[in-house]
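Student: Sharing a model prediction with you, sequence too.
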Amino acid sequence: MASRVPMWALGALLLALVGGGAAAGAAGKCSFPAIFNFGDSNSDTGTTFVAFNDLSYPYGMSYKENAKRFSDGRVIIDYLAENLGLPYLESPLDTIGTSYKYGANFATGGSKISPILPAWAALPIPMYLDVQISEFLQFKSRTIDFYNQLKNDYNSSESEFILIPFFFFSLSNQEVMAVVSANDDFYNTSIPVVIEQYYSGLQRLIQSGAKFLWLHNRGPTGCMPVTVGECRLNKTACLDKVKGYINSENELYDQHGCVRGQNKKTKMFNRLWKQSVDKLRAQYPDVVITTFDMYTAKSKIIANAQKFGFLDPFKQCCGNSTVFCGIRQPNMGPLLGTACQDPTKYISWDGIHYSQAANKLVANLIIEGSLTSPPSTPISRACHKP
């Protein structure tokens, strides 16, 4: 018998939480009737589109008009929902014609984990992690109140949806990029604060009843086309940001062409992230926590770009190093940030976000249970203790 467990998801760093008594036998497959997601633009499926600006063409060109995603098509959370037999998630702000029976997506483009970063370090988007969690808890409270009023009209699976959530979480792309690109003083003082805010956010969810978590770390920031492009344009400034992490100018790039010092900083961030996850595991031994190594997953795709059918991994499909994807001349003039003809040949869509083709590759690794801890744990079995 498959257990019926709702899933609340959070983008690029995946966190899953499941209520008590939901798991089947040790070898049983989990069944998630609902997902709630938190994160930034890597998993945003509508909040930015509704609240801040219209992600118009060429965004979504491989999927549909008004795709509401920072890609040419689907993002990782879409493929995870699809694999679990669920519809794609909508933003709680996108209320026209939307059903939240199967969950909601609180992820917001440009959002951060911590509100303490100065304006220059990341986009001034107020939807940082603690706000997203507060939105979810309010959403949950109101849903329970509504259910209690109409519970005679609800079937058992909908009752479980109210009581047993499953979450996914994503580390902030903007935030990690900002801190690893900054000077050492800012990096060394900011990272512990960001990690603590992250840990506190997960604690809030666990204390509200979370029992199963699925998390992932940060991908290789030094391999992003925007990072590599900035170093190629201004080598001196790039060297200044990574001094102390490389021995000479000749070590600026690694064997794959990524900015070595940026990746070393990201690895240090991920080590502190892992320590916070281990601390959670020790503090809450009854909570099952599964992690996915996003850093290794994306590094393998970049190192084997041609094998996967991609062109230069440091080129982007849409826009370039000086003109961002989708930018137009004033007053809706001609499109300046144009897109390539075949996005399936590119890992990066716009220099920061992955293409639909690359997102699907990463999602498949998650679905298969590759690069997880505990080992070989696909999301379909993430409701069991190892």
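Tutor: That came in fine, so what should we check first?
Student: separation between the residue lying closest to Tyr63 once chain neighbours are set aside and Ser355?
Tutor: Leaving aside its chain neighbours, Tyr63 sits nearest to Gly73 (3.6 Å; criterion: Cβ to Cβ, 6 or more residues apart in numbering). To be clear about C-beta, it is placed using only N, CA and C from the backbone, and glycine gets the same treatment. Distance, Gly73 to Ser355, by Cβ to Cβ, to the nearest Å: 8 Å.
Student: Compare neighbour counts for those two and give me the winner.
Tutor: Ser355 (27 against 21; other Cβ atoms under 10 Å).
Student: In this structure that one contacts Ala339, no?
Tutor: No - checked against Cβ atoms under 8 Å, the pair Ser355 and Ala339 is beyond contact range at 10.2 Å.
Student: can you list residues touching both of the two?
Tutor: Common neighbours of Ser355 and Ala339 (criterion: Cβ atoms under 8 Å, 6 or more residues apart in numbering): Asp72, Cys317.
Student: got any ranges where the stretch 1-150 of the chain has weak pLDDT?
Tutor: By pLDDT under 70, the low-scoring segments of the stretch 1-150 of the chain are 1-27, 116-124.
Student: where do the contact lists of Gly73 and Ser355 overlap?
Tutor: Ser62, Pro343.
Student: if we can go back for a sec, helix, strand, or coil at the residue nearest to Tyr63?
Tutor: Three-state call for Gly73 (DSSP: H, G, I helix; E, B strand; the rest coil): coil.
Student: list the contacts for it?
Tutor: Here Gly73 is in contact with Gly60, Met61, Ser62, Tyr63, Ala67, Pro343, Ser355, Gln356, Asn359 (Cβ under 8 Å, 6+ apart).
Student: for Arg328, same thing?
Tutor: Pro334, Leu335, Leu336, Gly337.
Student: quick one, strands of the chain?
Tutor: Using DSSP state E, the strands of the chain run over residues 3-4, 30-31, 35-38, 103-105, 167-169, 212-216, 288-292, 372-373.
Student: how many neighbours does Thr377 have?
Tutor: Neighbour tally, Thr377, other Cβ under 10 Å: 22.
Student: Next, work out how far apart it and Arg232 are.
Tutor: For Thr377, the distance to Arg232 - Cβ to Cβ - is 39 Å.
Student: and Arg74, what does it touch?
Tutor: Tyr63, Tyr88, Gln356, Asn359, Lys360 are the contacts of Arg74 under Cβ under 8 Å, 6+ apart.
Student: Now the closest residue to the third one other than its chain neighbours. Its backbone dihedrals?
Tutor: Yep, that's Gln356 we're talking about. Excluding the flanking residues, the one nearest Gln356 by Cβ to Cβ, 6+ apart is Gly73, at 3.1 Å. Note on Gly73: backbone dihedrals following degrees, to the nearest 10 are phi -160, psi -130.
Student: quick one: Gly73 from Arg204, how far?
Tutor: In terms of Cβ to Cβ, Gly73 sits 33 Å off from Arg204.
Student: And for Ile191?
Tutor: 21 Å.
Student: Mind checking which of the two has more residues around it?
Tutor: Ile191 (20 against 15).
Student: Would you agree the more buried one is in contact with Arg271?
Tutor: No - taking contacts as Cβ under 8 Å, Ile191 lies outside contact range of Arg271: 10.2 Å.
Student: burial of the residue lying closest to Pro58 once chain neighbours are set aside, as a residue count?
Tutor: The shortest distance from Pro58 to any non-neighbouring residue, by Cβ to Cβ, 6+ apart, is to Ala339 (3.8 Å). Applying other Cβ under 10 Å, we find 22 residues neighbouring Ala339.
Student: repeat for Gly46
Tutor: 24.
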